[in-house]
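*Asks:* no sequence on hand, only this structure:
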Ligand code: JAH
């Protein structure tokens, strides 16, 4: 996978040299380049922002540097140097929610291009123009406001690159983790069996794999009911048996009004 990132703070991306993402880059599984938006300014002050039309607080990113950056990184003709039509992703509190399902979808793309806004955001025409050339997605990580899109890009890249074939050593760990089945994961324990008078649950030391699997599902359901009733509401009802519903009740999950238990 090829990834390009455009930002006025390219130094934010230093962590991408580290750990498993750094290794994926070294192995050639990930070809990542970070670009300074000011490369595409032409005035002495290398200006990227201006006041908002219509008034209001703060500043808006001017369209011209963004237009040149996207022309350079997503040319409309396929060029011989390996350029491909990328998918443009723009972190924004006004975007569609980023989920594990979207991470899986992005992991199938050959080229991602990230545009990091700062100040109040980017002139809308940049996104409207880009959308005439490539798929564009404004994406939100949650209902809070950051200084800019850089940290959101780090999060998205971490979620996506760990799904690329060959990046994670143990592929089995991918389908047992939180969100893989629409539930939070059961609690985890390792040695020692007793620590500060606290014992690891007996069932996990029993060697009875059926009992362990059932206990983990009960715990996952109980936790999800207690912490994320929105996720329980989104489960297909046919995926829950009698015992599942009892575990949900222990987590304090209230079926929404009008919900018919079966
Ligand atoms: C803030 C540009 N949902 C997380 C998130 C993503 C992006 C931004 N804020 C929050 C943001 C200012 C300018 C993007």
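*Replies:* Ah, there it is. Remember, it's a predicted structure, so these values are computed and weren't measured experimentally.
*Asks:* phi, psi for residue 99 please.
*Replies:* Dihedral angles of residue 99 (phi, psi; degrees, to the nearest 10) stand at phi -130, psi 170.
*Asks:* which residue does the stretch 151-262 of the chain bring closest to the ligand?
*Replies:* Of all residues in the stretch 151-262 of the chain, the one sitting closest to the ligand is residue 152 (4.1 Å; Cβ to the nearest ligand atom). Using the backbone N, CA and C atoms, a C-beta is placed for each residue, glycine as well.
*Asks:* and that residue, what's its pLDDT?
*Replies:* According to the predicted model, the pLDDT of residue 152 comes to 98.
*Asks:* for my notes, confirm it occurs in a helix.
*Replies:* Yes: counting by DSSP: H, G, I helix; E, B strand; the rest coil, residue 152 is part of a helix.
*Asks:* grab the nearest non-local neighbour of it.
*Replies:* Spatial nearest neighbour of residue 152, excluding adjacent residues (Cβ to Cβ, 6 or more residues apart in numbering): residue 91 at 3.5 Å.
*Asks:* I'd say the one you found and residue 154 touch.
*Replies:* No: with contacts defined as Cβ atoms under 8 Å, residue 91 does not count as touching residue 154, sitting 10.0 Å away.
*Asks:* next, name the residue at the spatial heart of this structure.
*Replies:* The residue lying closest to the centre of the chain (Cα atoms, centre = their mean) is residue 156, at 3.5 Å.
*Asks:* what sits against the residue nearest to that one when sequence neighbours are not counted?
*Replies:* Spatial nearest neighbour of residue 156, excluding adjacent residues (Cβ to Cβ, 6+ apart): residue 98 at 6.2 Å. Under the criterion of Cβ atoms under 8 Å, 6 or more residues apart in numbering, the contact list for residue 98 reads 139, 140, 141, 155, 156, 159.
*Asks:* give me that answer again for 7 Å
*Replies:* By Cβ atoms under 7 Å, 6 or more residues apart in numbering, residue 98 lies in contact with 139, 140, 141, 156.
*Asks:* list the buried ones in the longest helix belonging to the chain?
*Replies:* Using DSSP state H to define each element, the chain has its longest helix at helix 209-227. For helix 209-227, burial by neighbour count (16 or more other Cβ atoms under 10 Å) applies to 212, 215, 216, 217, 218, 219, 220, 221, 222, 223, 224, 225.
*Asks:* turn those into JSON lines, columns for pLDDT and distance to residue 61.
*Replies:* Shown next, in JSON lines, are the buried residues of helix 209-227 (pLDDT from 0 to 100; distance: Cβ to Cβ, whole Å):
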{"residue": "212", "pLDDT": "98", "distance to residue 61": "53"}
{"residue": "215", "pLDDT": "98", "distance to residue 61": "52"}
{"residue": "216", "pLDDT": "98", "distance to residue 61": "47"}
{"residue": "217", "pLDDT": "97", "distance to residue 61": "48"}
{"residue": "218", "pLDDT": "97", "distance to residue 61": "50"}
{"residue": "219", "pLDDT": "97", "distance to residue 61": "46"}
{"residue": "220", "pLDDT": "97", "distance to residue 61": "43"}
{"residue": "221", "pLDDT": "97", "distance to residue 61": "45"}
{"residue": "222", "pLDDT": "97", "distance to residue 61": "46"}
{"residue": "223", "pLDDT": "97", "distance to residue 61": "41"}
{"residue": "224", "pLDDT": "97", "distance to residue 61": "39"}
{"residue": "225", "pLDDT": "96", "distance to residue 61": "43"}
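*Asks:* just the element for the residue nearest to residue 152, please.
*Replies:* Taking DSSP states H and E as the definition, one finds residue 91 inside strand 87-97.
*Asks:* roughly how far is the helix or strand following that strand from the heart of the chain?
*Replies:* Downstream of strand 87-97, the first helix or strand assigned by DSSP H and E is helix 100-106. In terms of Cα atoms, centre = their mean, to the nearest Å, the centre of helix 100-106 is found 8 Å from the chain centre.
*Asks:* so which bits of helix 100-106 are buried?
*Replies:* Within helix 100-106, the residues scored as buried using 16+ other Cβ under 10 Å are 102, 103, 106.
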